[in-house]
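*Asks:* sequence plus predicted model, see below.
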Amino acid sequence: MRKIEHIGIAVKDLEASNELFRKLFGEGPYKEEEVESEGVKTSFFASGPNKIELLEGTREDSPISKYVAKKGEGIHHIAFDVDDIYAEIERLKGEGFIVLNENPKKGADNKLVAFLHPKSSNGVLVELCQEIS
Ligand SMILES: CC[C@H](C(=O)O)C(=O)SCCNC(=O)CCNC(=O)[C@H](O)C(C)(C)COP(=O)(O)OP(=O)(O)OC[C@H]1O[C@@H](n2cnc3c(N)ncnc32)[C@H](O)[C@@H]1OP(=O)(O)O
Ligand SMILES: [Co+2]
């Protein structure tokens, strides 16, 4: 785990939240991207060397829609940057973490991603991200 890649925040209305975070950061998102496979649309803000990802569900069955319906808006996951996501998945499985998708999938912002079940990480949804070179 090299560093925190981004913190994901689940929101009801991406456009309204973009406006709010534009005020917070003093500048708008550097990227907006829909990830059809996850049923999400996202926007990314740079916060110094770190990133904030805002996510709105685009389908009722999206993890974000379900999360917001159940818990409301708020911090949804912490993403970590890894060098080799395949090796990291094997390592974390060996350490007893529950890997939700052992085959990494294409995420936003040009990444391969995988997730650990929050039940195995003290109630925190962890995302692994490897830059697609
Ligand atoms: C990939 C694009 C983008 C990127 O960065 O590239 C993204 O980040 S996409 C982000 C959205 N996608 C995901 O979150 C995929 C992984 N998530 C899942 O597979 C599910 O959300 C899962 C398995 C974490 C929960 O789904 P489930 O259908 O089981 O929902 P429940 O409400 O029944 O939850 C079960 C249990 O987990 C707790 N929970 C759910 N979500 C979270 C969360 N984000 N953080 C912490 N805990 C969470 C929920 O409260 C339930 O606990 P319980 O004690 O039973 O109430
Ligand atoms: Co994310």
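*Replies:* The structure has been received and is ready for your questions. Please read these numbers as outputs of a predicted model, since none were measured by experiment. Ligands and ions are numbered 1, 2, ... in the order given.
*Asks:* following the chain onward from the biggest helix by length in the chain, which element is next?
*Replies:* Secondary structure of the chain per DSSP state H: the longest helix is helix 14-25. Toward the C-terminal end, the helix or strand that comes next after helix 14-25 (DSSP states H and E) is strand 31-35.
*Asks:* next one: phi and psi at the residue lying farthest from the centre of the chain?
*Replies:* In the chain, the residue that sits farthest from the middle, by CA atoms, centre = their mean, is Gly94; the gap is 23.2 Å. For Gly94, the backbone dihedrals are phi -60, psi -30 (criterion: degrees, to the nearest 10).
*Asks:* just checking, Leu125 touches Lys119?
*Replies:* No: the pair formed by Leu125 and Lys119 falls short of the contact definition of CB atoms under 8 Å, at 9.8 Å. Glycine gets a C-beta too; all of them are placed from N, C-alpha and C.
*Asks:* more neighbours: which of those two?
*Replies:* With neighbours defined as other CB atoms under 10 Å, Leu125 and Lys119 compare such that Leu125 has more, 19 against 10.
*Asks:* so what's Phe44 up against?
*Replies:* Shown in contact with Phe44 (CB atoms under 8 Å, 6 or more residues apart in numbering): 6, 29-33, 51-54, 108-109.
*Asks:* how about the residue of the chain found nearest ligand 1: what's its closest non-neighbour residue?
*Replies:* Taking CB to the nearest ligand atom as the measure, the chain has Gly107 as its residue closest to ligand 1, at 2.6 Å. Spatial nearest neighbour of Gly107, excluding adjacent residues (CB to CB, 6 or more residues apart in numbering): Val113 at 3.4 Å.
*Asks:* specify the beta-bridge partners of that neighbour.
*Replies:* On the basis of DSSP bridges, Val113 is bridged to Lys105, Cys129.
*Asks:* that one: neighbour count?
*Replies:* Val113, neighbours per other CB under 10 Å, totals 21.
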